[in-house]
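Enquirer: give the three-dimensional model of this entry:
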Amino acid sequence: MKCFLAMIVALLLTTVSHAQSKPNVLFIAVDDLNTWVGHLGGHPQAKTPNIDRLAKMGVTFTRAYCAAPVCNPSRAALMSGLRPGTTGVYDNGEPWQPVIPKEQTLTTQFLKAGYEVFGAGKIYHANAHREGEWSDYSVPKEGKQTPHPSAKNDGVGGIKFQPLTDDSHTSDEAIMDYGIKHLGQKHDKPFFLAVGVHKPHMPWNVPKKYYDKFPLESIQLPPTQKDDLGDVPAGGMKMAKPKGDHAEMLASGRWKEAVQGYLAAISYCDDQVGRILDAYDKSPEKKNTMIVFWGDHGWHLGEKEHWRKFALWEEATHAPLIWVVPGITKPGGVSARTVDFMSIFPTLCDLAKIPIPAHNEGKSIRSLLANPKAPWDMPAITTFGRNNHAVRTEKWRYIRYADGGEELYDHEKDPHEWTNLASKPERAGVKAELGKWLPKVNKPEAKRGNNGGDGE
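Expert: Numbers count the residues shown, from 1 in each chain. Below you'll find the predicted structure:
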């Protein structure tokens, strides 16, 4: 009997030891967050103490870019390891489920490796998820929201914002409650915990106390240049639509109010991030739990006479990326290497010692986590629509549209992308070199359907 009990105890200890040998994952996705984050300096008035706290805990990437500047294809690419041109998922109306098999997704790799996989909120577009790819998934409902008496209306045209009463609540609070609950529990198996917050996605409707952090009279508009689109080819003009949102915003005289709304929504998001970081700090699994924090793409607020994402310029494609990996990253690390979010899938597998599946089109950045200044020869690649691509290195952004139109910007001299150098003969060699990185596979658009969500 004693021998039998000893065997059971040994087996239990082996199981616990095995679980502890595999790192847990806290996977934080943020919707529509550009680089208006304190430590990234995208806007001088941004208030993000919690995201900045996270950056100080590990390695932040100052040049991180999405695979697509739209929610659905960006998330589908990150979660599948397949670029938009490989799946044909280029926009929000093209469902990813029919073209991405279950066995290829990120969460499936962790389930197969013995993990419990939990999710809440917006990981794929519009809270979409499939049975069999998660141990449990929660889609919390929105709380009660009441416009504040000071709210004029719900915004300007399609750009939606208004302050709410301070007793209003969004689903992001419940999403973080879900994550906090799981972080506070003891787990018999290693876990992968994904939480996806919606703000600062429109509408920028958050309690007025967040608006009050940014007095309207002192709001700074983003840097712009008159007639900025004068040297942009037809493909870029088609994406920008300057006679739409931007013209309407200028006519309304409410540009500063829109910037205030976006900053307020970011501040609200930052508070939610702070809540889950506090739970992480108290977690019994903290020493064995890595964090990856990412925004699905950037956002324009009038730069290049453009609003929203839906473009291949810097503001639409640039977003935060932060890693905290116990035993590998060191506090306060900053990497200026250009990476894109196709790196997240293989890096997580690499760190968890899970085989990186053959279909994956990204490359692990583990070497940059250990040494943020390590050599790195890959640019970031972003795709919007079939055969429209941007290539970003530490110095250059090169865009080639499906109709052959081109843009080339020297970021060392022109960080706002005000001067298109693509027509300069002396830059032909630069374009040719960058053009080698353009994706060779550009499948037809996936069949459009009802992909849920809000069209954004």
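
Enquirer: can you list the low-confidence ranges for this structure?
Expert: Scanning the chain for pLDDT under 70 picks out the ranges 1-20, 450-455.

Enquirer: ok, now how distant is L82 from N388?
Expert: Plainly put, L82 is 17 Å away from N388 if you go by C-beta to C-beta, to the nearest Å. For every residue, glycine as well, the C-beta is placed using N, CA and C.

Enquirer: and if you look at G449?
Expert: G449 is 22 Å from N388, by C-beta to C-beta.

Enquirer: out of these two, which sits in the more crowded spot?
Expert: N388 (24 against 11; other C-beta atoms under 10 Å).

Enquirer: the more buried one contacts G236, correct?
Expert: No. With contact defined as C-beta atoms under 8 Å, N388 does not count as touching G236 (9.3 Å).

Enquirer: okay, and the common contacts of the two?
Expert: Counting by C-beta atoms under 8 Å, 6 or more residues apart in numbering, the common neighbours of N388 and G236 are L312, I399, Y401.

Enquirer: can you lay out those as TSV showing secondary structure, neighbour count and distance to Y65?
Expert: Formatted as TSV, the shared contacts of N388 and G236 follow (DSSP: H, G, I helix; E, B strand; the rest coil; neighbours: other C-beta atoms under 10 Å; distance: C-beta to C-beta, whole Å):
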residue	secondary structure	neighbour count	distance to Y65
L312	coil	26	10
I399	strand	29	12
Y401	coil	21	18
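
Enquirer: and for the particular helix or strand that has P346 in it, what are the contacting residues?
Expert: Using DSSP states H and E, P346 sits in helix 344-351. Helix 344-351 is contacted by residues 23, 25, 27, 78-81, 106, 109-110, 290, 292, 294, 321, 323, 325, 328, 354-357, 360, 362-366, 369 when judged by C-beta under 8 Å, 6+ apart.

Enquirer: just stretch 432-450 next, same as before
Expert: For stretch 432-450, using C-beta under 8 Å, 6+ apart, the contacting residues are 83, 85-91, 93-96, 98-99, 378-379, 381, 383, 386-387, 389, 391, 393, 396, 398, 400, 408.

Enquirer: filter those residues down to just the ones in helices.
Expert: Counted as lying in helices by DSSP state H, out of these, are G85, T86, T87.

Enquirer: roughly how far does the closest residue in space to the last one that isn't next to it in sequence sit from Q109?
Expert: When you say that, I think you mean T87. In space, and not counting its chain neighbours, T87 is closest to V99: 4.8 Å by C-beta to C-beta, 6 or more residues apart in numbering. In this structure, V99 and Q109 are 18 Å apart, going by C-beta to C-beta.

Enquirer: neighbour-wise, which of the two wins?
Expert: More crowded of V99 and Q109, by other C-beta under 10 Å: Q109, with 23 against 17.

Enquirer: test my guess that the more buried one contacts A358.
Expert: No. Look at Q109 against A358 with C-beta under 8 Å: they stay out of range, at 11.9 Å.

Enquirer: so after the longest helix along the chain, what's the next helix or strand?
Expert: Once the chain is assigned using DSSP H, the helix that runs over the most residues is helix 255-282. For helix 255-282, the following helix or strand on the C-terminal side (DSSP H and E) is strand 289-295.

Enquirer: okay, the angle between that next one and helix 344-351?
Expert: Going by axes from the mean of the first three to the mean of the last three C-alpha atoms, to 10 degrees, strand 289-295 is angled at 170 degrees with respect to helix 344-351.

Enquirer: and the helix or strand following strand 289-295, what does it pack against?
Expert: Toward the C-terminus, strand 289-295 is succeeded by strand 300-301 as the next helix or strand (DSSP H and E). On a contact count with 3 or more C-beta pairs under 8 Å, 6 or more residues apart in numbering; DSSP states H and E, strand 300-301 meets helix 255-282, strand 307-308, helix 314-317.

Enquirer: which strands and helices lie in contact with the first one?
Expert: In terms of contacts (3+ C-beta pairs under 8 Å, 6+ apart), helix 255-282 is packed against strand 24-30, helix 49-57, strand 155-156, helix 171-183, strand 191-197, helix 208-211, strand 289-295, strand 300-301.

Enquirer: and R275, which of those is closest to it?
Expert: R275 lies closest to helix 171-183 among those, at 5.1 Å (C-beta to C-beta).

Enquirer: what's in contact with the closest one?
Expert: So helix 171-183 is contacted by 26, 118, 120-121, 138, 140-143, 191, 193, 195-199, 268-269, 272, 275-276, 279-280, 282-283, 285, 289 (C-beta under 8 Å, 6+ apart).
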